[in-house]
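Engineer: could you look at this predicted model? Sequence included:
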Amino acid sequence: MSAEAAPGVEPAEAEPGAAAGPGQQQAVLLAEMVEDAAVWCALHGLVVGDRADPRSGTVPGVGLVHAPFSLLPSRFPTSFWKQACELAPIFNELVDRVSLDGEFLQAALSRQVLNYILTTYRFSNFRTKQVDEFTARLLEIHEKMMAINKKEAIRLGLHRSDYMLDSETNSLLQIELNTISSSFPGLGSLVSELHRTLLNQYGKVLGLDSKRIPRNWAATQFAEALGKAWAEYNNDSAVVLMVVQPEERNMYDQYWLANHLKESYGVTTVRKTLAQVEAEGQVLTDGTLVIDGRTVAVVYFRAGYAPTDYPSEAEWKARLLMEQSSAVKCPSISYHLVGTKKIQQELAKPNVLERFLDSKEDIAKLRKSFAGLWSLDNEEIVKSAIEKPDLFVLKPQREGGGNNIYGHDVRDTLIKLQKEQGESLAAYILMQRIFPNASLTPLVRGGDCFEDLTISELGIYGAYLRNKDKVILNNQCGYLMRTKVSSSNEGGVAAGFAVLDSVLLTDEVSTSHRNNLFLNLDHLLLS
């Protein structure tokens, strides 16, 4: 394959008649790999909408580009991989049990902070929901469901727990638990196959074994969970409603799930925005949700997780309408609230996990993965964060990339909030900053390949389906590896901070994971 055809890679020119040196061989091989990878992406649907095309987020098939990806999988110690996978069913069960305790959710997110009134900051009578209108609206819906004693007989959760390897403690630590719109099961699965294909072709030259890439069935297993939830609803003519954003460049990740649902289970998926649900939806007297004349068995949210998804009252009416219905919600309002940062922090407190889980072994496994988490009513922690801001991350009650606060901005934000008499501090939590080792990695974006120092974040998907007392599914189901330039604090692929990646299992017990393509090539081409 011609190296000249590889987009964004310029091979070094050789002197006429001269044999190609290691540097030139390296450039040629790199160019071939990038071209092969780009072609594979186009042929197999590893694509997103192009930001440069204004229609790419609304018109399918228009303005496609390959999703940003790492040219090679990232090394990851097998021991930590197994640990992360073993945690998935435990977190699934935890989410379900916490969701049933409405009083705990309401108290954690809206109660007056007792025992921690800090006169230094003049905190008094503040609530998370008072300073976070978005959380307040979610809590309002939850309160309404509690008031009418609304029970979800069929409960479906499609979660993703995100982790990093901390070099300071040589441990696997959880970043967050996502309970709504856990993205990239479709494209993440494809990246694993892309890397397996590349290593089957180039692995001998690179000294890398494709068998070390774990199989990733996230898309098919998510579809299985949705299909089984649809079957539990027991209406053959019903559809799955996928709630989406008005402009969605990541629609093809979503279409992969819809495609698997149709091919494997014969289930039709209907895509609607929250505004369209409000305009076209109704709940019948028996609780049936009907959208544009079609009965909905399962509501699958790929929107509704951020304040920007609710620009008007119409969107909030739609959310309430769906929650009032008998359709299976993925997630229900309760599951959604369990995934908030505040609940994550509450669950990390002593003796709280014991309220929901019986197994001491399971509790110990979860606690081992918890990073330090604190509410901002802790005077000593706030003081420490102001003095040493690089050791902390300030997290608001927001999902999606681009919301966390790092470095000197942590200090500046805390000082600013103190001057505002501290009430806004209730909308944030402080988290121990995790320090993963960085490695040189070849990244491909828009057809161009470049190498940079990167760090990686592993997301483990989990599927949970329950009908009353019967647990139908409780599985770890695939993974998402995201790699970002180490100088970038955020890690969202859709938000433009990271690239898609996959795992190359190693026998290392250290969190260090060197993945330098060019060092591999230099060693092998010179040997």
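Structural biologist: In hand now; what should we look at? Numbering: from 1, shown residues only.
Engineer: tell me the centre residue of the chain?
Structural biologist: For the chain, the residue whose C-alpha lies nearest the mean C-alpha position (CA atoms, centre = their mean) is Ser182; its distance is 4.9 Å.
Engineer: that one contacts Ser161, doesn't it?
Structural biologist: No. Applying CB atoms under 8 Å as the test, Ser182 and Ser161 come out as separate, 9.3 Å apart. To be clear about C-beta, it is placed using only N, CA and C from the backbone, and glycine gets the same treatment.
Engineer: give the next helix or strand downstream of the strand ranked longest in the chain.
Structural biologist: Within the chain, and with DSSP state E defining each element, the longest strand by residue count is strand 448-467. The element immediately downstream of strand 448-467 (helix or strand, assigned by DSSP states H and E) is strand 470-485.
Engineer: each with direction, which strands does that following strand pair with?
Structural biologist: Taking DSSP bridges as the criterion, strand 470-485 forms sheet pairs with strand 448-467 (antiparallel), strand 499-501 (antiparallel).
Engineer: pick the most buried one from these.
Structural biologist: Among the strands paired with strand 470-485, the stretch with the highest mean neighbour count (mean count of other CB atoms under 10 Å) is strand 499-501, at a mean of 26.
Engineer: now tell me what touches it from outside.
Structural biologist: Where contact means CB atoms under 8 Å, 6 or more residues apart in numbering, the residues beyond strand 499-501 that reach it are 46, 67-70, 73-74, 184, 187-188, 191, 443-445, 456, 480-484, 493.
Engineer: at 10 Å instead, please
Structural biologist: If you take CB atoms under 10 Å, 6 or more residues apart in numbering as the criterion, strand 499-501 is touched by 46, 48, 66-74, 76, 184, 187-188, 190-192, 194-195, 253, 441, 443-445, 454, 456-458, 480-485, 493, 515.
Engineer: so where is the protein shaky, pLDDT-wise?
Structural biologist: Scanning the chain for pLDDT under 70 picks out 1-22, 111-131, 397-402, 421-425, 488-496, 509-527.
Engineer: among the strands paired with strand 470-485, which is nearest Ala306?
Structural biologist: Nearest to Ala306 among these is strand 448-467 (18.1 Å), distances taken as CB to CB.
Engineer: the closest residue to Pro77 other than its chain neighbours: neighbouring residues, count only.
Structural biologist: With sequence-adjacent residues excluded and distances taken as CB to CB, 6 or more residues apart in numbering, Pro77 is closest to Glu508, at 4.8 Å. If you count neighbours by other CB atoms under 10 Å, Glu508 ends up with 15.
Engineer: can you work out which residues contact both of Ser182 and Ser161?
Structural biologist: Joint contacts of Ser182 and Ser161 (CB under 10 Å, 6+ apart) are Gly459, Tyr461, Gly462.
Engineer: now distance to Lys317 too, for those residues, in a markdown table please.
Structural biologist: As requested, the shared contacts of Ser182 and Ser161 are exported to a markdown table (distance: CB to CB, whole Å):
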| residue | distance to Lys317 |
| --- | --- |
| Gly459 | 32 |
| Tyr461 | 31 |
| Gly462 | 31 |
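Engineer: what strand or helix carries the residue nearest to the centre of the chain?
Structural biologist: Under DSSP H and E, no helix or strand contains Ser182.
Engineer: for it, grab phi and psi.
Structural biologist: The main-chain torsion angles of Ser182 are listed as degrees, to the nearest 10 and equal phi -70, psi 100.
Engineer: how near is it to Leu100?
Structural biologist: Remark: distance between Ser182 and Leu100 (CB to CB, to the nearest Å) = 21 Å.
Engineer: before we move on, what about Lys468?
Structural biologist: As it turns out, when the distance is counted by CB to CB, Lys468 lies 12 Å from Leu100.
Engineer: do Leu417 as well
Structural biologist: In this structure, Leu417 and Leu100 are 34 Å apart, going by CB to CB.
Engineer: can you give me how far stretch 218-238 is from the chain middle?
Structural biologist: Centroid separation between stretch 218-238 and its chain, computed with CA atoms, centre = their mean, to the nearest Å, is 21 Å.
Engineer: just the CA trace of it, in PDB.
Structural biologist: Taking Å, rounded to 0.1, in the frame of the first residue of the first chain, the C-alpha atoms of stretch 218-238 are listed here in PDB:
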ATOM      1  CA  ALA A 218     -20.400  -3.900  24.700                       C
ATOM      2  CA  ALA A 219     -22.700  -3.100  21.800                       C
ATOM      3  CA  THR A 220     -24.300  -6.500  21.500                       C
ATOM      4  CA  GLN A 221     -24.700  -6.900  25.300                       C
ATOM      5  CA  PHE A 222     -26.300  -3.500  25.700                       C
ATOM      6  CA  ALA A 223     -28.600  -4.500  22.900                       C
ATOM      7  CA  GLU A 224     -29.300  -7.800  24.700                       C
ATOM      8  CA  ALA A 225     -30.300  -6.000  27.900                       C
ATOM      9  CA  LEU A 226     -32.600  -3.600  26.000                       C
ATOM     10  CA  GLY A 227     -34.100  -6.500  24.100                       C
ATOM     11  CA  LYS A 228     -34.700  -8.500  27.300                       C
ATOM     12  CA  ALA A 229     -36.300  -5.500  28.900                       C
ATOM     13  CA  TRP A 230     -38.500  -5.100  25.900                       C
ATOM     14  CA  ALA A 231     -39.500  -8.700  26.200                       C
ATOM     15  CA  GLU A 232     -40.300  -8.300  29.900                       C
ATOM     16  CA  TYR A 233     -42.700  -5.500  29.000                       C
ATOM     17  CA  ASN A 234     -44.600  -8.100  27.000                       C
ATOM     18  CA  ASN A 235     -46.000  -6.200  24.100                       C
ATOM     19  CA  ASP A 236     -44.900  -7.400  20.700                       C
ATOM     20  CA  SER A 237     -45.900  -4.200  18.900                       C
ATOM     21  CA  ALA A 238     -44.100  -1.900  21.300                       C
END
